[in-house]
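Q: Sequence unavailable; structure follows:
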């Protein structure tokens, strides 16, 4: 039921869980078996304790919210390859703002 779902999510939240990522486990397993290095970046768009739908403000910012992690990955790969990195405002802003202290969960 909906009440059971919310109860489960609240208990997980109280234990420090801020994201439940299921697909990345399969991706990581596939990369490992193929001998390919891979990484997962999780972006949480919805607070499921509030709603199962994106808020109107998040819908308007969706493109930015999706594009930002991609830009960070490209910057990281270029740095690893020793390529010149052309700074852009959203990447500089993203890398200069420290993330909130939250436990990493998978």
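A: Nice, thanks for sending it over. Model, not experiment: these values are computed from the prediction.
Q: Next one: residue 84 from residue 57, what distance?
A: 35 Å (CB to CB, to the nearest Å). The way it works is simple: take the backbone N, C-alpha and C, and place the C-beta from them, glycine included.
Q: And residue 3, by the same measure?
A: In terms of CB to CB, residue 3 sits 27 Å off from residue 57.
Q: Same question for residue 64.
A: 11 Å.
Q: Residue 42 now?
A: As judged by CB to CB, residue 42 and residue 57 stand 20 Å apart.
Q: out of the two, which sits in the more crowded spot?
A: Counting neighbours by other CB atoms under 10 Å for residue 42 and for residue 57 shows that residue 42 has the greater number, 14 against 8.
Q: confidence score at that one?
A: Residue 42 carries a pLDDT score of 80 in this model.
Q: Surely it is in contact with residue 24?
A: Yes. The pair residue 42 / residue 24 is scored as a contact, 7.0 Å apart, by CB atoms under 8 Å.
Q: lowest average confidence, helix or strand, in the protein?
A: Lowest on mean pLDDT, DSSP states H and E among the helices and strands of the chain sits helix 89-96, with a mean of 50.
Q: In the longest helix seen in the chain, which of the residues would be classed as buried?
A: In the chain, assigned by DSSP state H, the helix with the most residues is helix 62-81. Using 16 or more other CB atoms under 10 Å as the test for burial, helix 62-81 gives 68, 75.
Q: name the helices or strands packed onto it?
A: Helix 62-81 sits against helix 89-96, with contacts defined as 3 or more CB pairs under 8 Å, 6 or more residues apart in numbering; DSSP states H and E.
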